[in-house]
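Chemist: The following block contains a protein sequence and its predicted model.
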Amino acid sequence: ILAHLCQREEISSSKRREVAGRRHCVGTQCVSAPACHNKQHGPEPTTTEIQGETLRRVNFVAHPNCQQQLLTMWYENLSGLRQQSIAVKFLAVFGVSLGLPFLAIAYWIAPCSKLGRTLRSPFMKFVAHAVSFTIFLGLLVVNASDRFEGVKTLPNETFTDYPKQIFRVKTTQFSWTEMLIMKWVLGMIWSECKEIWEEGPREYVLHLWNLLDFGMLSIFVASFTARFMAFLKASEAQLYVDQHVQDDTLHNVSLPPEVAYFTYARDKWWPSDPQIISEGLYAIAVVLSFSRIAYILPANESFGPLQISLGRTVKDIFKFMVIFIMVFVAFMIGMFNLYSYYRDVEWKFARAKLWLSYFDEGRTLPAPFNLVPSPKSFYYLIMRIKMCLIKLCKSKAKSCENDLEMGMLNSKFRKTRYQAGMRNSESLTANNTYSKPTRYQKIMKRLIKRYVLKAQVDRENDEVNEGELKEIKQDISSLRYELLEEKSQATGELADLIQQLSEKFGKNLNKDHLRVNKGKDI
């Protein structure tokens, strides 16, 4: 359950003690404790492990208490910015965009200062990486804009031109925008290498966005490599011309076929020409780069649910390629209506996955500022080398002691001593394990007790409800008998009244009959 909450809980638990957990959890310890087991009994879990094991519980992540905890961690060291309006946040993002180079220099110089801690917060890391990627997309647009300027037939033409210059030399040189794009690509490659080193190749491949990044960067590298190879071949042809051609122009000069090829127009190039391959790969990489914008869309409340519904729709669209557009629109509308009821939960879940990618330590500076190693990196490198040397010296000393002891003892006594030592070590390990309960064990015991108590209360309530139902049944049956008795009594009384009325009416009829007879006699 959200392992990163455990890491932040140890740092600032006093600030977030009032945040309640979900259902049975009272404090942030109960929200984050089940994930602390890996931290206390093994290496710290990575973001991929958390997303694979815990973020499948969409309802848990979308719970208000967990969202409150995530928001607190998201705006770490920026508590005042959380309550500000959208305009203030926009101004903060705009300021970071303008001062990103200066902020990167300040972080290189003093990574542990107050400004460095602020830049290490997840929100600032997200803003810095988003601004860096926006600049990268802007460079791609600027580099593509020269194709539509004037009457140029080929991109990236240079202003240095002389009669003996080969045509391909002018078209294969890298422009200033392409040089900057290469720096950004190198920075992103370095960032991906660090992510693979921290998470491992198996966890890295589990995320589709990582595969998209890998494909995009690989295509960029292949494109620039093919472009560089074309430039080298054109430079070799230009060197041949400079050394062997004495004329001022190349119009009436016979050149070898491998050199004359680089003077041809574009329509005569081979399909396997490195420059053509480079331009095709570059176009694919640009498309993938702009599709990378979808990675940050879950941060927005409006575009996040739309992206989720569209992503679920695309899987079904491939089954109906015949009526692609019709089915696309139909499924998009249908899925949006279907997921509109769960839009808030799904959006919070997707936003939590995006946030968790910025909660890990490291990778503070975006590309290309991460290419320059900071003093903190040298310090960590020296400390790691020191720890490796210490472990190596200890292992060598221990192996020497074992060799001396093993040489002095015979094989039987050595085996007996080894078994006794193993039993002692196992007993010591068991005693240490069971004698001192860890923080994880304490909190899990509390959770289990709380769950058992609640189960007992629910069971008692169920028993009370069953007793009440029995009483209600008995009351209904007794009421039924009472109503039947009252009905029988009312029926008897009604029969008596009818009999009395009939007797009374019978006497009156007899008197009237006698009177009539007397009148007749008279």
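Modeler: Looks like it came in fine.

Chemist: The spatially most central residue of the chain is in what secondary structure piece?
Modeler: In the chain, the residue lying closest to the centroid (C-alpha atoms, centre = their mean) is Lys353, at 2.3 Å. Secondary-structure element containing Lys353, defined by DSSP states H and E: helix 343-356.

Chemist: And that helix, what does it pack against?
Modeler: Helices and strands touching helix 343-356, as assessed by 3 or more C-beta pairs under 8 Å, 6 or more residues apart in numbering; DSSP states H and E, comprise helix 47-53, helix 58-61, helix 64-74, helix 122-145, helix 303-317. All C-beta spots, glycine's among them, are computed from the backbone N, C-alpha and C.

Chemist: That helix to helix 122-145, inter-axis angle?
Modeler: Calculated by axes from the mean of the first three to the mean of the last three C-alpha atoms, to 10 degrees, helix 343-356 forms an angle of 90 degrees with helix 122-145.

Chemist: about what we covered before: for Leu497, find the nearest of the helices and strands packed on helix 343-356.
Modeler: helix 58-61 (68.9 Å; C-beta to C-beta).

Chemist: Buried by neighbour count: which residues of that closest one qualify?
Modeler: Judged by neighbour count (16 or more other C-beta atoms under 10 Å), helix 58-61 contains these buried residues: 60-61.

Chemist: cool, and stretch 198-207?
Modeler: Applying a neighbour-count criterion of 16+ other C-beta under 10 Å, one finds 198-199, 203-204, 207 buried in stretch 198-207.

Chemist: mind giving me the domain ranges of this structure?
Modeler: Domains of the chain are assigned by automatic domain parsing as 1-76, 376-435, 460-522.

Chemist: Show me where the stretch 201-350 of the chain has its helices.
Modeler: 201-205, 208-244, 257-260, 274-291, 303-317, 324-339, 343-356 (DSSP state H, counting those that start in this stretch).

Chemist: low-scoring stretches of this structure, by residue?
Modeler: Within the chain, the stretches with pLDDT under 70 are 1-56, 146-165, 167, 245-254, 317-322, 402-437, 462-467, 508-514, 516-522.

Chemist: contacting residues for Phe102?
Modeler: Listed by C-beta atoms under 8 Å, 6 or more residues apart in numbering, the contact set of Phe102 is empty.

Chemist: Val131 too?
Modeler: Here Val131 is in contact with 93, 96-97, 100, 366 (criterion: C-beta under 8 Å, 6+ apart).

Chemist: what do you get if the cut-off is 10 Å, keeping everything else the same?
Modeler: Each residue near Val131 by C-beta atoms under 10 Å, 6 or more residues apart in numbering is listed here: 93-94, 96-98, 100, 366.

Chemist: now do Gly116
Modeler: 77, 103, 106-110, 364, 374, 376.

Chemist: related to what we said a few turns ago, of the contacts of Val131, buried ones?
Modeler: 93, 96, 100, 366.

Chemist: Name the nearest of these relative to Lys386.
Modeler: Pro366 (29.9 Å).

Chemist: The closest one contacts Ala104, correct?
Modeler: Yes: with contact defined as C-beta atoms under 10 Å, Pro366 reaches Ala104; the gap is 8.3 Å.

Chemist: Which neighbours do those two have in common?
Modeler: 128, 132.

Chemist: for the lengthiest helix in the chain, packing partners?
Modeler: Longest helix of the chain, by residue count under DSSP state H: helix 439-521. Under the contact criterion of 3 or more C-beta pairs under 10 Å, 6 or more residues apart in numbering; DSSP states H and E, helix 439-521 touches helix 3-12, helix 28-32, helix 36-41.

Chemist: let's see 7 Å
Modeler: Contacts defined by 3 or more C-beta pairs under 7 Å, 6 or more residues apart in numbering; DSSP states H and E place helix 439-521 against helix 28-32, helix 36-41.

Chemist: Of the buried residues of stretch 198-207, just say which sits nearest to Thr263.
Modeler: Nearest to Thr263, judged by C-beta to C-beta, of the buried residues of stretch 198-207 is Tyr204 at 46.4 Å.

Chemist: what's near enough to touch the closest one?
Modeler: 195-196, 210 (C-beta atoms under 7 Å, 6 or more residues apart in numbering).

Chemist: Roughly how far does it sit from Leu211?
Modeler: Tyr204 sits 9 Å away from Leu211, going by C-beta to C-beta, to the nearest Å.

Chemist: same check, this time on Trp270
Modeler: Counting by C-beta to C-beta, the gap from Trp270 to Leu211 is 32 Å.

Chemist: The two: which has the busier surroundings?
Modeler: Leu211 (12 against 9; other C-beta atoms under 10 Å).

Chemist: List the contacts of the more buried one.
Modeler: Val205.

Chemist: just to revisit the earlier point, kindly reformat the helices and strands packed on helix 343-356 as JSON lines containing distance to Met387.
Modeler: Formatted as JSON lines, these follow (distance: least, C-beta to C-beta, whole Å):
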{"stretch": "helix 47-53", "distance to Met387": "24"}
{"stretch": "helix 58-61", "distance to Met387": "36"}
{"stretch": "helix 64-74", "distance to Met387": "29"}
{"stretch": "helix 122-145", "distance to Met387": "27"}
{"stretch": "helix 303-317", "distance to Met387": "43"}
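
Chemist: closest to Cys400 out of those?
Modeler: helix 47-53 (39.1 Å).

Chemist: Is Pro366 in contact with Val127, as I believe?
Modeler: No: using C-beta atoms under 7 Å, Pro366 makes no contact with Val127, being 9.5 Å away.

Chemist: Nearest residue to Lys183 in space, please, no chain neighbours.
Modeler: Leaving aside its sequence neighbours, Lys183 sits nearest to Pro368 (C-beta to C-beta, 6 or more residues apart in numbering; 4.2 Å).

Chemist: Quick check: phi and psi at that neighbour.
Modeler: Pro368 adopts backbone torsions of phi -90, psi 10, taken as degrees, to the nearest 10.

Chemist: How about Ala110?
Modeler: Per degrees, to the nearest 10, the backbone of Ala110 is at phi -130, psi 80.

Chemist: okay, now Ile323: neighbour count?
Modeler: The burial count for Ile323: 9, using other C-beta under 10 Å.

Chemist: That one and Pro366, how far apart?
Modeler: From Ile323 to Pro366 the distance is 43 Å (C-beta to C-beta).

Chemist: Which of the contacts of Tyr204 are buried? Put it as a PyMOL command.
Modeler: A single PyMOL command suffices to select whichever of the contacts of Tyr204 are buried according to 16+ other C-beta under 10 Å:
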select buried, resi 195+210
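
Chemist: Looking at the contacts of Tyr204, which is nearest Ala285?
Modeler: For the contacts of Tyr204, the nearest to Ala285 is Asn210 (16.2 Å; C-beta to C-beta).
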